[in-house]
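Engineer: Test case, fold it:
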Amino acid sequence: MVHENAIGGVVLLGLLACAAIGYLLGSVNTAIIVTWFFKHKADIRDYGSGNAGMTNVLRSVGKLPALLTFLGDFLKNVCAVLLGWLVMHLILHALLAGSDSPGLAQAGKYTAGVFCVIGHIFPLYYGFRGGKGVASAAAMILLVDWRVFLLVIATFLLIFIWKRIISLASIVCAASYPVYTFLVVFFLDYRGAGRSLGYLLFITGASLFLGLLVLVKHRSNIGRLRRGEEKPIAFGKK
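Structural biologist: Predicted coordinates:
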């Protein structure tokens, strides 16, 4: 049996590897790449709100580029989360002689997913000026806990259908996400499935960090919403 301290050290290295994988994948900014192809090598950060994300691409470049941007931002976090799970699964499988630890594997998924969002917001390859991480965060939430995802997506759709303002829906979801995560994990996993308190605290802390990060990136949108200046999406236009 591997010494407990050695296991802890290897697990920590595994989580660091998950963080690195997530950040490097997240730094591949789809909005910048898509706009470069569709708008004659232009930089999306020079147009509209200056944000390298789907909404600005929709308003400044068009619907097809916006769709491609969403898919790219979504899929890169899917890859990050799956690789995070694979890294931790292989490490734990080797260390624990064929047994597994679902909680630690889940921690690998969360770590890779959160750092993918960080990479999207502060991309290494583009001067640390990226997007706001909403589509990328949505992918992470879907893969790490579909129950929380259903609550978040329902909240997003209700707010968006009501106001047709993507930023408002995103802000409400970012604020709600850690609350939904805590309630679901506490009642269904911690009390229901017998997961550890450490698992509950880690998952809740990760979701709180991600929600706050997205909220901070939307601080200019929050200001415009308070002044009534944030424009709704008009589907009848290009």
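
Engineer: Burial check on the closest residue to residue 224 other than its chain neighbours, number of neighbours?
Structural biologist: The shortest distance from residue 224 to any non-neighbouring residue, by C-beta to C-beta, 6 or more residues apart in numbering, is to residue 230 (4.3 Å). Bear in mind the C-beta positions are built from the backbone N, C-alpha and C, glycine included. Per other C-beta atoms under 10 Å, the neighbour tally for residue 230 reads 17.

Engineer: Read off the pLDDT value for residue 230.
Structural biologist: With respect to pLDDT, residue 230 has a value of 87.

Engineer: Give me the three-state assignment for it.
Structural biologist: Going by DSSP: H, G, I helix; E, B strand; the rest coil, the secondary structure assigned to residue 230 is coil.

Engineer: Just to check, residue 139 is in contact with residue 82?
Structural biologist: No. Applying C-beta atoms under 8 Å, one finds residue 139 not in contact with residue 82, separated by 10.4 Å.

Engineer: which element is the spatially most central residue of the chain on?
Structural biologist: Nearest to the centroid of the C-alpha atoms of the chain, with distances taken as C-alpha atoms, centre = their mean, sits residue 137, at 1.9 Å. Under the assignment given by DSSP states H and E, the secondary-structure element containing residue 137 is helix 134-144.

Engineer: Helix or strand next in line after that helix, which one?
Structural biologist: Per DSSP H and E, helix 134-144 leads on to helix 146-163 as the next helix or strand towards the C-terminus.

Engineer: So what touches that following helix?
Structural biologist: Outside helix 146-163, the residues that touch it by C-beta atoms under 8 Å, 6 or more residues apart in numbering are 138, 141-142, 165-166, 168-170, 172-173, 176-177, 180-181, 184, 188, 207, 232.

Engineer: what are the ranges of the helices in the protein?
Structural biologist: Counting by DSSP state H, residue ranges of the helices within the chain are 4-26, 30-38, 54-60, 63-95, 102-121, 134-144, 146-163, 166-184, 197-217, 219-227.

Engineer: can you list those helices in a markdown table and add mean pLDDT?
Structural biologist: A markdown table is the format used below for those (pLDDT from 0 to 100):
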| stretch | mean pLDDT |
| --- | --- |
| helix 4-26 | 87 |
| helix 30-38 | 95 |
| helix 54-60 | 92 |
| helix 63-95 | 92 |
| helix 102-121 | 92 |
| helix 134-144 | 94 |
| helix 146-163 | 96 |
| helix 166-184 | 95 |
| helix 197-217 | 93 |
| helix 219-227 | 92 |
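
Engineer: quick one, what contacts the closest residue to residue 182 other than its chain neighbours?
Structural biologist: Leaving out its chain neighbours, the residue that sits closest to residue 182 by C-beta to C-beta, 6+ apart is residue 204, at 4.7 Å. Contact partners of residue 204, counting by C-beta under 8 Å, 6+ apart, are 178, 181-182, 185.

Engineer: And the helices of the chain: which comes nearest residue 48?
Structural biologist: Distances from residue 48 to each of the helices of the chain were compared by C-beta to C-beta, and the smallest falls on helix 54-60, at 4.3 Å.
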